[in-house]
Every structure is written in C-alpha cells, then in structure tokens.
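1. Structure for the following, please:
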Amino acid sequence: MALPPAFNLLHSEFNEFLYAPIGEERNGVALSVISALTRLGIDPWDEAARLSGLRKDVAIQTLAVRITDFPGGWWTQSDATGIAARLVALLPRTGLGAAAETGARRKAWHSLSLGWPAVALGLLALLIWSLLR
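-> Sure, this is the predicted structure:
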C-alpha cells in the first residue's frame, strides 16, 4: 500500500528547497534548510508550503528573518536576505503568491493588448480624416 502524498516525503515538491544548503555553520558543517527549520521547532514541509504561497518578496523577507534567528548562526541580515532569495527561487510557486505574480503579468499583457488596437484605430481615423479633407 502506497503512502498518501502528504506522507510520501521522498518525492516532495519541496525537496529541492528543503535539502538546499543555507551555508556552513561556525564549525564548518553544512546547514540545510530542513535542518535549520527543524532546530527552530518549525515543521519544514509546512513552512515550505507556507512560503511557496506567499508573494516572492514576502517569502524572502520571512525566510531571511528565520535565518538570522537561527541559534549559533553568524549570518547578517544582508547575508540572510541574499541566501533567502536564492532559496525561495527553489520553491514551487503556488497559492496567492503565484496568483499575484501571474495576475500582474496578465494585467500588464491585457493593458498592452488593449492599447494597440486603440492606437491603430486612432491612426486609421487620422488617415481617413486627412483623405477626406
């Protein structure tokens, strides 16, 4: 019997993010996202799902705070923001964050697609007016 998707962690959509290195701890050992979140008492898969549903900039800021809060970590806020940006790029974009980004692109394209016909009609009207004069 196969495990339900929620418990089948071998093929989680968040694996690339969760197993990515944050950096090295002071003792030289590589620290992964899954290890850091677990040590902070945060469920790694819940946090990954939550972050993937946020707007990209909010997810980066949220994760950067988590990184700077890590006990024994030595990352500054600017280091943490850069690390968080790299890590958030590994998350699948779902939920409101993805919808907002897709919606913004769609709105920009829609505005552009409505603008060209208006310009063409204006030029056509100008051409007809100049011919009838």
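2. Kindly report the domain assignment for this structure.
-> 12-93, 100-133 (automatic domain parsing).
3. which one of these is the most hemmed in?
-> With neighbours taken as mean count of other Cβ atoms under 10 Å, the domains of the chain reach their highest mean count in domain 12-93, at a mean of 17. Yep, even glycine has a C-beta here, placed from its N, CA and C like the rest.
4. Compute the first-to-last residue distance for that domain.
-> This stretch, domain 12-93, spans 14 Å end to end (Cα to Cα, to the nearest Å).
5. Let me see the mean pLDDT of that domain.
-> The pLDDT scores in domain 12-93 average 89.
6. Which parts of the chain are helices?
-> Along the chain, counting by DSSP state H, helices occupy 15-18, 33-39, 44-52, 56-69, 77-88, 95-132.
7. outside of stretch 78-89, which residues touch it?
-> Stretch 78-89 is touched from outside by 17, 20, 22-23, 33, 51, 56, 59-65, 67-68, 75, with contacts defined as Cβ atoms under 8 Å, 6 or more residues apart in numbering.
8. ok, now with 10 Å
-> By Cβ atoms under 10 Å, 6 or more residues apart in numbering, the surrounding residues in contact with stretch 78-89 are 16-18, 20-23, 33, 48, 51-52, 54, 56-70, 73, 75-76, 97.
9. For stretch 29-37, give me every contacting residue.
-> 9, 14-25, 38-39, 42-48, 51, 63, 66-67, 69-73, 75, 83-84, 87, 90.
10. Try it again at 6 Å.
-> In this structure, residues lying in contact with stretch 29-37 by Cβ atoms under 6 Å, 6 or more residues apart in numbering are 18, 19, 20, 21, 22, 24, 25, 44, 47, 70.
11. Of all pairs in those residues, which one spans the longest distance?
-> Taking Cβ to Cβ, the two most distant members of the contacts of stretch 29-37 are 24 and 47; they sit 21.5 Å apart.
12. what about stretch 20-40, start to end distance?
-> End-to-end distance of stretch 20-40: 17 Å, with Cα to Cα as the criterion.
13. Next, the distance between the ends of stretch 32-44.
-> 11 Å.
14. next one: stretch 64-79
-> Taking Cα to Cα, stretch 64-79 runs 8 Å from one end to the other.
15. likewise stretch 64-81?
-> 5 Å.
16. Good, we can wrap up now.
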